[in-house]
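Q: Predicted model follows, preceded by the sequence.
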Amino acid sequence: MSVDYHAILPELILAGTIMLVLVVDLFLPARLKSASMAIGLLGVLASLGAVLTLLGEERATFGGSFVIDNFAILFKVFFLVAAVIVLAVSRRYFDQPGYYQGEYYFLLLTSFLGCLLMPSSRDLLMLFISLELVSAPGFLMAAFRKWDVTGVEGGLKFFLIGVLSTAVMLFGMSLIYGLTGGETRLDAIAVALGELDPSQESMALASILFVVVGFAFKVSAFPFQFWAPDTYEGAPVPVAAFLAVASKAAGFAGLLQLMFVAFIGQHEFWVPIFAFLSIATMTIGNLVALQQKQFVRLLAYSGIAQAGYMLLPFALVTNDQAVNQQAFASATGYILIYGIMNLGAFAVAVALSKRSPRLLISDFAGVARVAPFLAVGMTLFMVSLAGVPPAAGFWAKILIFGAAIARGDVIGPVLAAIMVVNSVISVFYYLAVARQMIFQPAEDTTPLRTPVLVAGAVGLSMAALLFFFLLPGTFSKLADISTLVG
Amino acid sequence: MTWESSAITITTLLPILGALAILLVPRDRERMVRGFGILFTGAALVLSIAMMIGFDYGTDGLQYELDVNWISAIGARFHVGIDGISMPLYVLTFLLSFLCAVYTWRFVPDPGRTKAFLALMLLLETGMAGTFIAFDLILFFVFWEMVLVPMYFLIGIWGSANREYAAIKFFLYTLFGSVFMLLGFLALYFNGPEPHTFDLVKLTEFGAGGGYAHTFQLIVFGAVALGFAIKVPMWPFHTWLPDAHTEAPTIGSVLLAGIMLKMGTYGFIRIALPMLPEGAQAYAPWIGVLAAIAIVYAALACLAQRDLKRLIAFSSVGHMGFVMLGIATLTEIGIQAAVFGMVAHGVITGMLFFCVGSIYDRYHTRQIAELGGGMAQRMPKLAGVFAFVAIASLGLPGLAGFWGEVMALLSAFRPNEALLGDHVGLFRGLMVAGGIGTILTAGYFLWMLQRVNMGTMPERWNEHALGDIHSVEWLSWTPLLVLIIALGLFPRLIFGISQEAVSGIMAVLGQGG
């Protein structure tokens, strides 16, 4: 079997970088430990370059279980850009005594390797490997602040719930493997499930549910969302950013392929389930977010609510491939835009973490006076998360509303209306952050200096959001990658 | 690009450019910041007036039209144009914004920060102006929503004591309505003609031709109307308005009352009525009833207000009730009255908020009891202007407030027979209610003048320096005062512009008797 090395070049480069980081760290003197970050950054950029050489190509290797197409490339670019931002804000956070920097960068990049593999994975085994590659280092990173009991607790919670849901998912996958007579390729599973003996139908549906559980955990959907706030709060802020953005997007990348390709034939069974998941996730996320006083916890609950929005297109699937394509594109688009705005918000949190280590929202009072750039950035990110112009989050919401209304029937408009109410609720807590920064007087008026890399990350996110707001055409073309569907 | 096709784009986006320019000015160059504000709003005003001069008043249809591809994936286009209904509101937007910028030359509300203040105001200006010239639903919605964030900060940073509550209430309330409106737009899109389009002109043609099913129209009209009704605001969706108006800085109140409320009524005329005529027919009696309630309720509420600014805010609810009553009759006269009422209310209430702002600036209180009367003794000019505008607002013949109200009542006497033939009695009842409302309106305004202007000034104000109207105030007020008289004497100034466009809408709705 010949391997298409060009197709897996980005992964190869990243894997090489990971090894390099681990080895080089052994020989670095303590004050130069942060050089690992520079190596990692270069590796990520090289990998990004490799992805760009694949632009527009359609390739498959490893017997079709690893595929390069528009969908995969779009997500890979997104993950690598996210990696750049997370790395950029990590240096500021980890370059202080008590952190093992080399190990951290090693773990972080390994997780990103899993992210890179995810959108290319087209069989159950690959999906499982990618998912675990994302999760396993995540467990360690979440507990990286090992002197802090909330960090340890969050990490442990993450680990236990993660392992449990993985086990359930693996059980489901094994059932599918058996039912379909040994198929692991997603498209083959779709065919095999379609030809299933009616007596085995219920078993197949149960196993689909089991598989969904694993991913529902990953994307922090109700009722598997409990770990998220504690874990985010306990973890170092850049790790929380990774979990909230890259890890969640990876989960969705996998889920999209499973539901829209492998299990599409059974949509009548799982559409109501996703409708319920979506409504419950967004409503609970939003209502609890209203109560939050700590910024990272707020982002965690907001992330849960946003996951609910992203699950909504799954509940729109019908027999009509045109509708499915639109639902697919809207979910993809939302995930990517969500990633940008959330990364930006976390970057601001990193910048503020020195001034107010506990990141209480009340500590943000008067940031507009000491660091106007951060305040403007945060306001834009919050406004974007709320889905209000002038920022790209507005289009992300419109994409989903559009898909829901296009679905017609009753379920589409009803789901859209529920999401509308939810997004209005969310405005309250999103604006509360901006309000604190801008309307309140500062207690501590010493000017806050933002490190260049962090400011760059904030600036990059802001620029991307404004760019996509003004020229949504570029974005909607990107999102229009329904190569997987129909 | 010719002037014809680029005029709107340039004029509408000029304020944003100004906002960027202002942000680049160093913080300590205070005069330059304010100068830039006047410069850019002034330039935009001049351009809009140039457009008005070049406008062909004899035809229905869009002028200065530009229709280019914007988001090809969903078929949203950058389609802008202007017709007789848009034109007065569009120019009014630039006029009031310019006058606000002039006013800011001297009066910047606490806590200062003029740069941010003017930049937000300019952003707001683009959003408001854009709403009136967008002929694509998505573009319309973008402009519509664009006003939220700047206004939120204008109220939240520069407002008075209870500003944060008012700001978030304003934001949540209006957002709530507008997202349902968005769902309605999307429904219009997906159930509209093939290929799907957001184009207002095409959708209007489609809707006028009975393209949308009856039940569909009822549902979607409800969704869209909710968004517009909250913005207007119609009773009982008005509760955000008194708070927002009262807490907002003077400029914020002027723009809010002068222009932003009109976005709602404009939406009814431009989108809800012609696209969903059967929906309009079904909802019109209800809208009429709510409008009449608004008129009477607002007048009664005004009688009970202690805060001068809150009183003016409630009077807005009543005046917008007249506008909505005119629209609800679905007659040519009614819609003409609505367009006129919108402009007149923008000019008069904008001016009233300027007055109240200046009164507050002297007394540092807005409580009518604390003012204690006697303003005419110490500040005869300010008291005179205030009285003049208040009397214009209560609808004295010969001044701008008269035509919109009297024609709205007139149209309620004979609502569109073809569409509302069964409800003639109801509308005549509403007319009577509106008539009672005008009496109450006169009552509360005169009582207000009595308590503020008349009498002797309490002694506690003796040691305060209460200066009369400042030259900057004269500069920013004179155009409005002239307009109040001009529109009152020559109502054709508006009717002449809007005539053809309103006839066009009536052709869509069905003329009736």
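A: That came through, no problem. Residues are numbered from 1 along each chain as shown, chains lettered A, B, ... in the order given.
Q: Tell me which stretches of chain B form strands.
A: With DSSP state E as the criterion, chain B has strands at B:63-71, B:76-82.
Q: So which residues on the stretch 151-300 of chain B come close to chain A?
A: Where proximity means C-beta under 8 Å from any C-beta of the partner chain, the interface of the stretch 151-300 of chain B facing chain A comprises B:152-153, B:156-157, B:163-164, B:167-168, B:171-172, B:175-176, B:179-180, B:182-183, B:186-187, B:189-190. In this view, the C-beta of every residue, glycine as well, is placed from N, C-alpha and C.
Q: For those, which PyMOL command selects only the ones that are buried?
A: What follows is the PyMOL syntax selecting those of these that are buried according to 16 or more other C-beta atoms under 10 Å in any protein chain shown:
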select buried, chain B and resi 152+153+156+157+163+164+167+168+171+172+175+176+179+180+182+183+186+187+189
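Q: Among the strands of chain B, which comes closest to A:M259?
A: Go through the strands of chain B one by one with C-beta to C-beta and the one that ends up closest to A:M259 is strand B:63-71, at 27.0 Å.
Q: was I right about A:M259 contacting A:A315?
A: No: when contacts are counted by C-beta atoms under 8 Å, A:M259 is not listed as touching A:A315 (10.3 Å).
Q: Of the two, give the one with the bigger neighbour count.
A: A:M259 (26 against 23; other C-beta atoms under 10 Å in any protein chain shown).
Q: now the more buried one: how far from chain B?
A: In this view, A:M259 and chain B are 23 Å apart by C-beta to the nearest C-beta, to the nearest Å.
Q: just the strands of chain B: most buried one?
A: Of all the strands of chain B, strand B:76-82 has the most neighbours on average by mean count of other C-beta atoms under 10 Å in any protein chain shown, namely a mean of 23.
Q: what about the stretch 101-250 of chain A, any weak spots by pLDDT?
A: Filtered on pLDDT under 70, the stretch 101-250 of chain A yields no residues whatsoever.
Q: Got the phi and psi for the residue lying farthest from the centre of chain A?
A: Summary for chain A: using C-alpha atoms, centre = their mean, the residue whose C-alpha lies farthest from the chain's mean C-alpha position is A:S199, with a distance of 37.7 Å. Dihedral angles phi and psi of A:S199 (degrees, to the nearest 10) take the values phi -70, psi -20.
Q: now the strands of chain B in CSV, with distance to chain A and mean pLDDT?
A: Compiled in CSV, the strands of chain B are given as follows (distance: least, C-beta to the nearest C-beta, whole Å; pLDDT from 0 to 100):
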stretch, distance to chain A, mean pLDDT
strand B:63-71, 5, 88
strand B:76-82, 8, 91
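Q: so which strand or helix has the nearest residue to A:T110 once chain neighbours are set aside?
A: Excluding its sequence neighbours, the residue lying closest to A:T110 (C-beta to C-beta, 6 or more residues apart in numbering or on different chains) is A:P137, at 4.6 Å. When secondary structure is defined by DSSP states H and E, A:P137 falls within helix A:124-142.
Q: Beyond that helix, next helix or strand please.
A: Per DSSP H and E, helix A:124-142 leads on to helix A:149-179 as the next helix or strand towards the C-terminus.
Q: which other helices and strands contact that following helix?
A: With contacts defined as 3 or more C-beta pairs under 8 Å, 6 or more residues apart in numbering or on different chains; DSSP states H and E, helix A:149-179 has these neighbours: helix A:124-142, helix A:186-194, helix A:201-218, helix A:227-234.
Q: ranking these by burial, who's on top?
A: Mean neighbour count, computed with mean count of other C-beta under 10 Å, is highest for helix A:227-234 among those, reaching a mean of 25.
Q: Run the chain-centre distance for that one.
A: Distance of helix A:227-234 from the chain centroid (C-alpha atoms, centre = their mean, to the nearest Å) equals 15 Å.
Q: so what does it touch, helix or strand wise?
A: Contacts of helix A:227-234 with other secondary structure elements, assessed using 3+ C-beta pairs under 8 Å, 6+ apart, are made with helix A:149-179, helix A:237-242, helix A:295-311.
Q: if we look at the second one, which residues are touching it?
A: Right, helix A:237-242. The set of residues external to helix A:237-242 that reach it, using C-beta atoms under 8 Å, 6 or more residues apart in numbering or on different chains, is A:82, A:85-86, A:89-90, A:93-94, A:108, A:111, A:138, A:141-142, A:144, A:231-233, A:296, A:299-300, A:342-343, A:346-347, A:349-350, A:353, A:359.
Q: Thank you, goodbye.
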